[in-house]
Each structure stands twice: as C-alpha cells, then as structure tokens.
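Participant: structure, please.
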Amino acid sequence: MSFRRAFEGTLLEILRTRALLSVAVLSVLFYAFYYPAPYAHQVVERLPVVLVDADHSAVSRAILRNLETANEIIVTADVPDMAAARAIVRARRAEGILLLPRGLSAALLAGRPGTGIAVWLNGAYLLRAEAVGKSIATAIAATAQRGLARLPDRLATVAPAVSTHPLYNTTEGYRDYIFPAVANVILQQTLLFSVARLVAERRRKGRWSRGGRAFVGTWAACTTIGTLAALLYFGLVFWFQDIPHGGNIPALLPVAPLFAATVAALAMLVGSVVRSGDDALKLLIPTSIPFVFLTGFAWPLFAMPPWVQAIAWTIPVTPAMHIFVPLNQMGATLGEVRGAVLVLLAQCAIFALVGYVRLATARVSPSEPITV
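Facilitator: So this is what the prediction gives:
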C-alpha cells in the first residue's frame with residue numbers, strides 16, 4: 001500500500017466510522033466548550049459566612065462593614081455564640097465562621113491587632129475555603145491598618161501597603177488556571193483513544209497492512225488530526241474562551257505536530273498490543289485521571305517522589321504541559337523549553353520504532369485476508 005492510499009484511507013475511515021469520529025473530532029469540539037463552562041465566573045462569589053461578635057465595639061462594626069464590601073462572601077447571620085454558628089455550618093447554610101472576641105478593640109488600641117480573632121472554614125472545598133479566608137483576612141487587615149494609623153507613633157508602626165500583580169493569570173481565575181493545562185490532557189486522550197481503537201480494529205479484522213509506507217501514511221494521517229485539534233485549541237478556542245494565550249505562536253507551529261505525532265505513535269503501539277478496539281478503550285480510559293495528576297500542574301512535578309517523576313516523563317502530555325503552557329501563557333521561547341522538547345522527540349522516536357516493529361510482526365485474524 002502506498003503512503004498516499006494509507007494517508008487518505010485513514011482520514012476517510014476516521015470520518016466515516018461513528019465510533020472514531022465521535023472520539024477524534026466531536027469530543028474535541030465538545031470538551032472545548034463544555035469543560036470551561038462551569039468555571040465561567042472564574043472566582044467564587046457571595047459565599048455565606050456566620051459572624052459571632054462578642055466585642056460589640058466600633059472595631060467589630062468596622063470589620064463587618066469591610067466584609068459587606070467583599071464580593072467573595074456575605075454575612076448571612078450574626079449569632080450570639082459558637083454553638084449556634086457551628087450548627088449553621090453543619091447544616092451547610094454557611095461556609096465559615098468569624099469570631100470577634102471580647103476585648104478586640106482594646107487589643108487593637110494596645111497595638112496588638114487581630115489578637116484572639118478566629119476563623120473556622122469548611123475545608124471540603126479548597127477554593128471556596130481559600131476565598132472565604134482571604135476575604136476575611138483582608139477585611140481584618142484593612143480595619144487594623146486604619147486603627148493603627150490613628151495611634152501615636154510610639155504605640156504603633158503602620159506596615160507599608162503591599163500590592164500584588166499576577167503575571168500570567170491576570171484574573172486569578174480558576175478557569176484561566178486549569179483549562180490551559182487540562183486542554184493538553186484532552187488533546188492527548190482523544191487522539192490516543194481513537195488511534196488505538198483504529199489500529200486494533202484493523203488488526204482484528206485482518207485489514208492491517210504491514211508495509212512501511214502504510215505505517216507512515218497511517219501515522220501521518222493520525223498526526224494531522226491531532227495537529228489540527230491542537231491548533232484549534234491554542235488558537236480559536238483559547239481566543240473564544242478568553243483564556244490567556246498568544247505568548248509565542250510561531251514556536252507552537254513546529255511543536256504541535258511533534259506532540260500529535262508522539263501521541264499517535266504511542267496509540268499505534270497500544271493498538272498493536274490489544275486484541276480489539278474495545279480492549280484498547282478498556283485499557284486507556286482509566287488512565288485519564290492519573291495522567292492529569294502526573295503532568296505536574298495540580299502538584300509540582302519536582303515535589304513528587306523520583307520514581308513518580310520517572311513514570312510521568314514517559315507520558316507525552318507531561319513534556320507537552322511544560323511546553324505548551326509556557327509558550328501559550330508565558331511567552332517562553334523554544335530555547336527555554338528545549339528540555340521538554342527533547343523528551344518529546346525521544347518519546348516520539350521510541351514509540352514509533354517499537355510500534356512499527358510490533359505492527360510489522362503482529363498477528364492478524366486468519367479469517368480475513370491482509371490488505372496489501
């Protein structure tokens with residue numbers, strides 16, 4: 001079989017086969033708009049908090065006024081004691097408790113701001129707890145700052161104001177943080193599933209050609225599908241979803257096909273091992289969640305045990321994560337991500353070589369003739 005016939009035949013088979021089309025094309029489009037949708041607001045807003053004000057002073061009222069201006073939280077109840085506050089949190093009608101103890105005003109005037117202030121947060125949802133804690137801390141700090149500023153110099157020293165400016169995730173939103181990373185996993189898994197199933201089904205039906213040109217043609221067609229999906233995400237989807245993007249577009253053009261070729265080669269290798277397309281999916285579907293955590297965006301890769309890092313770097317999406325996020329969101333150069341690019345090149349060569357050897361010698365079903 002010629003390269004052209006293998007290339008065109010593979011593309012047509014993917015487009016004409018419902019199972020392959022739904023994974024390789026439709027699911028890519030679906031996840032591009034479905035996955036970011038729940039995080040459209042980027043940050044949590046109006047989370048309920050219970051206030052226990054045991055001081056009943058001008059200071060505690062000032063803290064309450066500052067809390068009312070925060071977008072992240074809303075004080076839904078002012079209860080007399082902690083028992084009532086805990087009951088509200090246990091009933092899931094509030095996300096946290098703020099206790100302003102008796103003597104807070106006197107502590108502030110004595111130059112001990114925040115003395116005895118306590119915050120209890122519902123830690124079941126990390127981001128919500130972080131938002132509540134940050135808003136409460138900001139309100140208390142603002143009140144204390146104004147209170148200390150009115151004291152004589154000998155009693156208090158007002159700390160300088162600190163202004164933070166995020167560099168890459170300028171909105172500090174959850175969507176802008178997670179989607180650029182998860183997009184790489186989506187691109188890998190959709191291509192991995194579809195190509196592995198394609199190859200496995202061809203072998204099962206006796207339709208796999210063992211020629212080198214047929215292998216390269218099939219590989220090139222699958223790489224084309226993956227490349228177009230990657231460029232769609234890094235270009236149109238990121239722009240449409242208003243994800244931080246466009247850092248170094250020229251550097252993406254050679255790296256996106258390399259990533260697609262690596263994933264396609266791995267998928268063809270997997271397809272040479274399993275007996276059918278269903279077996280390929282059974283093997284690969286459970287890998288999605290582990291791959292998300294192994295890539296290093298949820299938890300830093302360097303903070304993982306060495307043996308876990310070694311496993312992570314055998315997966316194409318790990319170097320891809322350390323290439324595409326810097327290029328897309330941080331404006332890095334190819335030289336700055338050259339280590340990850342070299343890893344991806346090595347993976348591509350190994351997967352392609354082993355996959356070719358496997359498919360050149362793999363058995364096919366004797367019930368149907370081999371296409372030559």
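Participant: what helix or strand is residue 339 on?
Facilitator: For residue 339, the host element (DSSP states H and E) is helix 338-361.
Participant: in that helix, what counts as buried?
Facilitator: Burial within helix 338-361, assessed by neighbour count using 16 or more other CB atoms under 10 Å, is assigned to 340, 341, 343, 344, 347, 348, 351, 352, 355, 356, 358, 359. For glycine as for every other residue, the C-beta is placed from the backbone atoms N, C-alpha and C.
Participant: now do stretch 84-96
Facilitator: For stretch 84-96, by 16+ other CB under 10 Å, it's 85, 86, 88, 89, 94, 95, 96.
Participant: then stretch 95-105?
Facilitator: 95, 96, 97, 98, 99, 100, 104, 105.
Participant: also stretch 76-86?
Facilitator: Here stretch 76-86 shows 79, 85, 86 as buried, counting by 16+ other CB under 10 Å.
Participant: which one of these is nearest to residue 200?
Facilitator: Relative to residue 200, the closest of the buried residues of stretch 76-86 is residue 86; by CB to CB it sits at 56.0 Å.
Participant: give me the neighbour count for residue 217.
Facilitator: By other CB atoms under 10 Å, 23 other residues sit near residue 217.
Participant: show me what contacts it?
Facilitator: Applying CB atoms under 8 Å, 6 or more residues apart in numbering to residue 217 gives the contacts 1, 2, 3, 4, 5, 6, 7, 9, 10.
Participant: could you do residue 77 as well?
Facilitator: Counting by CB under 8 Å, 6+ apart, residue 77 makes contact with 50, 51, 85, 88, 94.
Participant: per-residue pLDDT of the third one, please?
Facilitator: Residue 85 is assigned 87 on the pLDDT scale.
Participant: ditto for the fourth one
Facilitator: Turning to residue 88, the model gives it a pLDDT of 89.
Participant: report the contact partners of residue 352.
Facilitator: Contacts of residue 352 (CB under 8 Å, 6+ apart): 219, 261, 265, 268.
Participant: tell me which stretches of the stretch 101-250 of the chain form strands.
Facilitator: 118-121 (DSSP state E, counting those that start in this stretch).
Participant: all helices for it, in order.
Facilitator: Using DSSP state H, counting those that start in this stretch, the helices of the stretch 101-250 of the chain run over 104-109, 126-149, 174-204, 212-231, 238-240, 249-273.
Participant: now the second one: mean pLDDT?
Facilitator: What that stands for is helix 126-149. In this model, helix 126-149 has a mean pLDDT of 66.
Participant: just the longest one next, same as before
Facilitator: Per-residue pLDDT values across helix 174-204 average out to 91.
Participant: in that helix, which residues are buried?
Facilitator: Using 16+ other CB under 10 Å as the test for burial, helix 174-204 gives 174-204.
Participant: chain center to the helix or strand where residue 84 lies: distance?
Facilitator: Using DSSP H and E, residue 84 falls within helix 82-90. Relative to its chain's centre, helix 82-90 lies at 35 Å (CA atoms, centre = their mean, to the nearest Å).
Participant: for it, packing partners?
Facilitator: In terms of contacts (3 or more CB pairs under 8 Å, 6 or more residues apart in numbering; DSSP states H and E), helix 82-90 is packed against strand 47-53, strand 73-79, strand 96-100, strand 118-121.
Participant: try it again with 6 Å
Facilitator: Contact analysis of helix 82-90 by 3 or more CB pairs under 6 Å, 6 or more residues apart in numbering; DSSP states H and E lists strand 47-53 as its packing neighbours.
Participant: can I get the strand it packs on as CSV, trimmed to CA atoms?
Facilitator: The C-alpha trace of strand 47-53 is given here as CSV (Å, rounded to 0.1, in the frame of the first residue of the first chain):
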residue,chain,number,x,y,z
LEU,A,47,-20.3,32.6,49.9
PRO,A,48,-22.2,32.7,53.2
VAL,A,49,-20.4,33.3,56.5
VAL,A,50,-21.6,33.4,60.1
LEU,A,51,-20.4,36.2,62.4
VAL,A,52,-20.0,35.8,66.2
ASP,A,53,-19.4,39.3,67.5
